[in-house]
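*Asks:* Requesting a structural model of the entry that follows:
(one chain, ligands or ions: 2)
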Amino acid sequence: MSEATSRPLRIAVIGTNYLGANTAAGMAEFGFDVIGVEIDEHRLKLLNDGKAPLYEPGLDPLLKKHVDSGRLRFTKDYREIGDWADVYFICVGTPQLEGSEAADLAQVNSVVDMLAPLLTKPTLVVGRSTVPVGTSKKVESRFHAEAPAGTGVEIAWQPEFLREAHGVDDTLHPDRLVFGVQSGAAEARLREVFATPISEGSPVVVCNLPTAELVKGGANAFLATKISFINALAEMADASGADVTQLADALGYDKRIGRGALNAGPGYGGGCLPKDLRAFMHRAGELGVEEVITLLREVDDINQRRRAGIVDLTHEMLGGDWVGKNVTVLGAAFKAGTDDVRDSPALDVAGRIQLHGANVTVYDPEAMENARRVRPTLRYAPTALEASRDAHAVLHLTEWPEFRELDPATLRGFVNNPVVIDARLNLNADAWRAAGWIYRAPGKP
Ligand SMILES: NC(=O)C1=CN([C@@H]2O[C@H](COP(=O)(O)OP(=O)(O)OC[C@H]3O[C@@H](n4cnc5c(N)ncnc54)[C@H](O)[C@@H]3O)[C@@H](O)[C@H]2O)C=CC1
Ligand SMILES: O=C(O)[C@H]1O[C@H](OP(=O)(O)OP(=O)(O)OC[C@H]2O[C@@H](n3ccc(=O)[nH]c3=O)[C@H](O)[C@@H]2O)[C@H](O)[C@@H](O)[C@@H]1O
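*Replies:* Ligands and ions are numbered 1, 2, ... in the order given. Here you go, the predicted structure:
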């Protein structure tokens with residue numbers, strides 16, 4: 001409840017795809033009145049029908065529940081939120097800038113363009129998008145200069161750590177809340193907004209704006225580093241006959257290390273870790289902290305090497321010849337549980353192999369539509385079995401449970417050549433070998 005008016009808080013969520021759709025639904029679930037602002041007509045229509053614009057387990061029912069209850073609606077018209085909300089959350093995209101490693105802040109700037117002129121009363125604008133350190137102060141200067149309310153518009157930054165495929169749970173039950181604030185009033189307002197998870201035990205870190213911005217970039221840089229570290233150990237395992245999965249299990253028991261983000265595989269992808277690591281390096285360069293770039297450059301290089309390594313191994317398993325060879329790619333999403341194909345290792349590998357001249361057929365349980373849109377020249381099949389027809393090599397590149405449940409004996413009947421490359425190290429090697437397959441998994445003997 002707003003203390004002043006005894007009505008539920010009013011929350012505006014600007015930009016409602018992966019981050020924003022989860023945020024808007026979560027805010028409604030916390031009991032607030034929510035308006036989501038989205039400029040993409042297709043997403044807007046889906047959202048107003050109570051449907052998520054993406055595949056995210058549990059999000060459709062939550063959206064539907066609150067669209068139906070009237071607590072949540074979506075619009076493209078900023079006039080509906082001007083002077084309406086108690087808190088404005090900025091959740092627009094910050095992709096990699098074309099031709100640079102920097103973050104592209106055009107969407108954040110477009111929010112300021114449209115929102116600032118509509119704010120005539122004091123209010124709180126909270127950034128949730130991932131931005132380079134220093135961005136929030138620039139956003140603040142613009143609001144102060146361009147909003148009729150001037151310095152009455154207060155800026156806070158509250159980075160979000162949700163993982164796709166776990167978006168709803170991570171939004172409702174965050175493992176931590178980071179409030180980058182400049183006043184006790186802003187902290188109090190954020191504590192009011194997140195009262196439910198705080199009462200359930202989510203820890204809160206209250207800090208200044210640059211710390212909040214750096215926490216987010218730092219978290220993703222650390223995750224990327226951990227993944228590349230285990231992938232470097234996979235290279236060591238390949239060179240020495242060790243098993244990287246057992247290695248990860250044994251390292252993970254050390255509480256200081258932990259087992260999370262230690263699954264070796266085709267490297268990290270998605271709409272966040274790759275571009276956030278690069279934006280972090282770029283910003284470090286601007287700030288003159290070159291050592292950070294030296295540290296993280298290798299993380300990115302190892303990640304790229306994983307994709308190239310899978311292509312090389314496929315070439316080797318095809319007898320060193322691409323021509324006339326059929327390659328099946330199981331998986332298109334950047335990880336299981338999502339239809340997101342942004343910077344997906346699976347699609348990248350598929351595209352590289354196609355460029356070499358092989359015929360590539362892709363199957364994914366959820367990401368076919370998105371994959372077709374970004375890689376229209378690849379072939380697509382409606383099932384894993386169909387995709388494997390006449391294959392000379394089958395590549396397991398996204399760890400969907402249905403791939404682990406495939407019967408290798410049945411699949412054996414579909415292919416030309418029983419070669420499987422388990423880049424996710426997630427199939428039952430013994431079962432595949434017993435069914436007559438040549439099973440290879442980078443990092444495993
Ligand atoms: N995808 C994820 O799981 C997470 C993303 N983040 C960060 O959150 C931010 C958003 O990420 P995504 O949702 O993945 O991005 P996205 O690019 O998928 O979605 C951004 C949405 O904002 C809309 N938009 C752009 N400009 C707008 C404007 N001026 N007004 C209203 N809507 C506008 C777009 O149409 C789009 O629907 C990024 O900074 C990302 O790094 C943070 C945590 C998790
Ligand atoms: O900033 C963001 O947007 C989000 O980025 C990641 O979330 P997400 O991209 O959804 O996916 P992760 O589960 O972290 O996986 C990222 C990539 O690393 C790969 N990965 C992950 C874990 C692992 O052990 N090994 C590994 O190769 C995944 O397959 C995937 O390609 C972070 O985990 C979130 O905390 C963060 O909020």
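*Asks:* Near ligand 1, which residues of this structure? Just list them.
*Replies:* Applying CB under 6 Å from any ligand atom, we find that the chain lies next to ligand 1 at 14-20, 37-40, 43, 91-94, 107, 110-111, 114, 129-130, 160, 162, 164, 271-272. (Glycine included, C-beta is placed from N, CA and C.)
*Asks:* I'd like the list of these that fall within helices, please.
*Replies:* Among those, DSSP state H puts 18-20, 43, 107, 110-111, 114 in helices.
*Asks:* Those residues into a markdown table, with extra columns for pLDDT and neighbour count?
*Replies:* A markdown table is the format used below for those (pLDDT from 0 to 100; neighbours: other CB atoms under 10 Å):
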| residue | pLDDT | neighbour count |
| --- | --- | --- |
| 18 | 97 | 25 |
| 19 | 98 | 25 |
| 20 | 98 | 27 |
| 43 | 98 | 22 |
| 107 | 98 | 17 |
| 110 | 98 | 14 |
| 111 | 98 | 22 |
| 114 | 98 | 17 |
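*Asks:* so who does residue 41 touch?
*Replies:* Going by CB atoms under 8 Å, 6 or more residues apart in numbering, residue 41 touches residue 76.
*Asks:* same check, this time on residue 437
*Replies:* Residue 437 makes contact with 408, 412, 418-420, according to CB under 8 Å, 6+ apart.
*Asks:* out of the residues you listed, who has the most neighbours?
*Replies:* Most neighbours among these, by other CB atoms under 10 Å: residue 420, with 29 neighbours.
*Asks:* quick one: secondary structure of it?
*Replies:* Look at residue 420: counting by DSSP: H, G, I helix; E, B strand; the rest coil, its state is strand.
*Asks:* Kindly report the same for the one 5 residues further on.
*Replies:* Here residue 425 is coil, with the state taken from three-state DSSP.
*Asks:* need the residues of the stretch 1-150 of the chain near ligand 2, please.
*Replies:* Residues of the stretch 1-150 of the chain that fall close to ligand 2, judged by CB under 6 Å from any ligand atom: residue 130.
*Asks:* How about the stretch 1-150 of the chain: which residue is closest to ligand 2?
*Replies:* Using CB to the nearest ligand atom, the single residue of the stretch 1-150 of the chain nearest to ligand 2 is residue 130, 5.5 Å away.
*Asks:* And residue 362, how close does it get to residue 397?
*Replies:* 9 Å (CB to CB, to the nearest Å).
*Asks:* With residue 432 instead?
*Replies:* Distance from residue 432 to residue 397, by CB to CB: 16 Å.
*Asks:* swap in residue 60?
*Replies:* Remark: distance between residue 60 and residue 397 (CB to CB) = 27 Å.
*Asks:* what's the answer for residue 81, then?
*Replies:* Residue 81 is 41 Å from residue 397, by CB to CB.
*Asks:* So for these two, which sits in the more crowded spot?
*Replies:* Between residue 81 and residue 397, residue 397 has the larger neighbour count (other CB under 10 Å), namely 30 against 22.
*Asks:* and the gap between the closest residue to residue 344 other than its chain neighbours and residue 270?
*Replies:* Leaving aside its chain neighbours, residue 344 sits nearest to residue 334 (4.0 Å; criterion: CB to CB, 6 or more residues apart in numbering). Look at residue 334 and residue 270: by CB to CB, they are 4 Å apart.
*Asks:* what's the overlap in contacts for those two?
*Replies:* 340, 342-344.
*Asks:* Now intersect these with the helices, please.
*Replies:* With helices taken from DSSP H, there is no overlap with the shared contacts of residue 334 and residue 270.
*Asks:* Neighbour-wise, which one of those residues leads?
*Replies:* Of those, residue 344 is surrounded by the most neighbours, 29 neighbours in total, counting by other CB under 10 Å.
*Asks:* Just to check, that residue is in contact with residue 333?
*Replies:* Yes - when contacts are counted by CB atoms under 8 Å, residue 344 is listed as touching residue 333 (6.2 Å).
*Asks:* Touching both of those two, which residues are there?
*Replies:* Here residue 344 and residue 333 have 367, 398 as joint contacts, going by CB under 8 Å, 6+ apart.
*Asks:* ok, back up a step: and residue 334 and residue 270? which has more neighbours close in?
*Replies:* More neighbours surround residue 334 than the other of residue 334 and residue 270, with 28 against 21 (other CB under 10 Å).
*Asks:* Report the residue ranges of every domain in the protein.
*Replies:* Annotated domains of the chain cover 10-207, 211-445 [automatic domain parsing].
*Asks:* so where is the stretch 251-400 of the chain shaky, pLDDT-wise?
*Replies:* Within the stretch 251-400 of the chain, not a single segment meets pLDDT under 70.
*Asks:* quick one on the thing from earlier: hang on, the residue nearest to residue 344 is in a helix, isn't it?
*Replies:* No - counting by three-state DSSP, residue 334 falls outside a helix, being coil.
*Asks:* any idea how far the residue lying closest to residue 352 once chain neighbours are set aside lies from residue 323?
*Replies:* In space, and not counting its chain neighbours, residue 352 is closest to residue 311: 5.0 Å by CB to CB, 6+ apart. Plainly put, residue 311 is 15 Å away from residue 323 if you go by CB to CB.
*Asks:* next one: residue 77
*Replies:* According to CB to CB, residue 77 and residue 323 sit 56 Å apart.
*Asks:* what's the answer for residue 258, then?
*Replies:* 46 Å.
*Asks:* same check, this time on residue 199
*Replies:* Using CB to CB, we find residue 199 at a distance of 63 Å from residue 323.
*Asks:* now residue 108
*Replies:* Distance, residue 108 to residue 323, by CB to CB: 47 Å.
*Asks:* what does residue 254 give?
*Replies:* Where residue 323 is concerned, residue 254 sits at a distance of 48 Å (CB to CB).
*Asks:* what's downstream of the host helix or strand of residue 370, the next helix or strand?
*Replies:* Residue 370 belongs to helix 368-374 when elements are defined using DSSP states H and E. Beyond helix 368-374 on the C-terminal side, the first helix or strand identified by DSSP H and E is strand 379-380.
*Asks:* Flag every buried residue along the helix or strand that that next one is followed by.
*Replies:* Per DSSP H and E, the first helix or strand lying C-terminal to strand 379-380 is helix 384-387. Buried residues in helix 384-387, counting neighbours by 16 or more other CB atoms under 10 Å, are found at 384-385, 387.
*Asks:* nearest to ligand 1, of those?
*Replies:* residue 384 (26.4 Å).
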